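> Starting from these lines, generate the structure:
(chains A and B)
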2 protein chains.
Amino acid sequence: MPKVSQEHLDARRRQIIDAARLCFARNGFHRTSMPDVFAASGLSAGAVYRYFKSKDELIAACCTDALQAVAATLPDPDALRGDTASAVPMGAMLDRLVDSVVALDGEEGIGRVAIQVWGEAIRDPDLAAHVRTEYDAVLDRLVAVCAHYRDTGALAPTVDPKVVALAVMALLQGFTVQRTVLGHTSQADFKAGMHALLNTAG
Amino acid sequence: MPKVSQEHLDARRRQIIDAARLCFARNGFHRTSMPDVFAASGLSAGAVYRYFKSKDELIAACCTDALQAVAATLPDPDALRGDTASAVPMGAMLDRLVDSVVALDGEEGIGRVAIQVWGEAIRDPDLAAHVRTEYDAVLDRLVAVCAHYRDTGALAPTVDPKVVALAVMALLQGFTVQRTVLGHTSQADFKAGMHALLNTAG
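All right, here's what the predicted structure looks like:
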């Protein structure tokens, strides 16, 4: 077998994950077979199985991929720490997160896959553990960002950054439900709603 | 056939919905059969089919039932309107909604059923239309409550009550995901997070 570069391996892996996400978004996990993924990726069974042994591994990989994409849209906590002057206001940070949810959820249907992952995770303890690990990575980054907001005075000094991160995460999860399932919430309306909440006396 | 009272009919209907919800929460829609529902309800096939013709009708009924239960925990907009003095503060209203999500999601697993309904609705246009109608009923009530908050000064006079209602709904939907799928968010943490958000300059 000829030796292949890491770049080639990464590109193939990406090609398979993108094809699987498309299949899952369109037809759901239950109605997607491995041959469907072979066809969508344009690769042979052997080529796909070299990377993913089963549909379950593909579901887990799509979940990791989607949450890493969300995490990548968060401000870098280290960069924030050194630079208080250019800190993005809390409301603008939330707007940016909403934009990232919308940008990720085009044709590829990350939102549709996320909602199916939640449903599967309820009854599959292995997937549930995987989902929790991936969400915790996003949450840790969000906690670091909220700690920065507390340290720079945007949040009260007594506020636990973790609980704020959980509420922000809930807003994004709920927005995903509203866009994907209910189809009734515009990006502008949701941003306006978050800003109104932020400026409300509790 | 002997004539039966409306009370009896309602009680039987409730008995079937409760049994179906339990089955769906435990095993999911795909792995629940009508005979499973007969067994769980303790009723004959004929008795169940008298009320629900198919599993799809049972799924829709569980969805209606759950969202009506959530709506019932919201303050009554008419009562609020006449009585500005006793208005519940916004933060306390949100706490009450969180309590209602937790109270509803005991053994019966309304959260587990909700998340499955979202997943099904993505690929079933009839269920999607039904879910939207039921969510809109909750949303309408929430919009009326938020309009009251605007009229009594808790929200700024320029705020559109609908966008606030969407953000509040998202918080509850996200909290459901976190409790049911991720299992990592306590009631107290979530309330603290919402209150911290409310008191943040946007």
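> Hmm, residue A:48 is touching residue A:35, no?
No. Using CB atoms under 8 Å, residue A:48 is not in contact with residue A:35, being 9.6 Å away. Any C-beta I mention is one placed from the backbone N, CA and C, and that applies to glycine too.
> ok, those two, which is more surrounded?
Ranked by neighbour count (other CB atoms under 10 Å in any protein chain shown), residue A:48 and residue A:35 place residue A:48 first, with 21 against 10.
> does the more buried one sit in a helix, a strand or a coil?
Using DSSP: H, G, I helix; E, B strand; the rest coil, the structure places residue A:48 in helix.
> Could you report the separation of it from chain B?
24 Å (CB to the nearest CB, to the nearest Å).
> Then residue A:44?
28 Å.
> For the nearest residue to that residue once chain neighbours are set aside, pull up the helix or strand it's in.
Leaving aside its chain neighbours, residue A:44 sits nearest to residue A:38 (6.7 Å; criterion: CB to CB, 6 or more residues apart in numbering or on different chains). Secondary structure assignment for residue A:38, by DSSP states H and E: helix A:34-41.
> in that helix, what counts as buried?
A:34, A:36-38, A:40-41 (16 or more other CB atoms under 10 Å in any protein chain shown).
> What is the burial count for residue A:188?
10.
> pLDDT (mean, whole number) over the helix or strand hosting it?
Using DSSP H and E, residue A:188 sits in helix A:187-198. When pLDDT is averaged over helix A:187-198, the result is 93.
> orientation of it relative to helix B:187-198 in degrees?
100 degrees (axes from the mean of the first three to the mean of the last three CA atoms, to 10 degrees).
> Alpha carbons of helix A:187-198, as CSV, please.
What follows is helix A:187-198, C-alpha atoms only, in CSV (Å, rounded to 0.1, in the frame of the first residue of the first chain):
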residue,chain,number,x,y,z
GLN,A,187,-32.0,35.8,13.7
ALA,A,188,-32.9,39.5,14.2
ASP,A,189,-35.8,38.7,16.5
PHE,A,190,-33.7,36.4,18.6
LYS,A,191,-30.9,38.9,19.1
ALA,A,192,-33.4,41.6,20.0
GLY,A,193,-35.0,39.2,22.6
MET,A,194,-31.6,38.4,24.2
HIS,A,195,-30.7,42.1,24.4
ALA,A,196,-34.1,42.9,26.0
LEU,A,197,-33.5,40.1,28.6
LEU,A,198,-30.0,41.5,29.3
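> Fine by me, thanks again.
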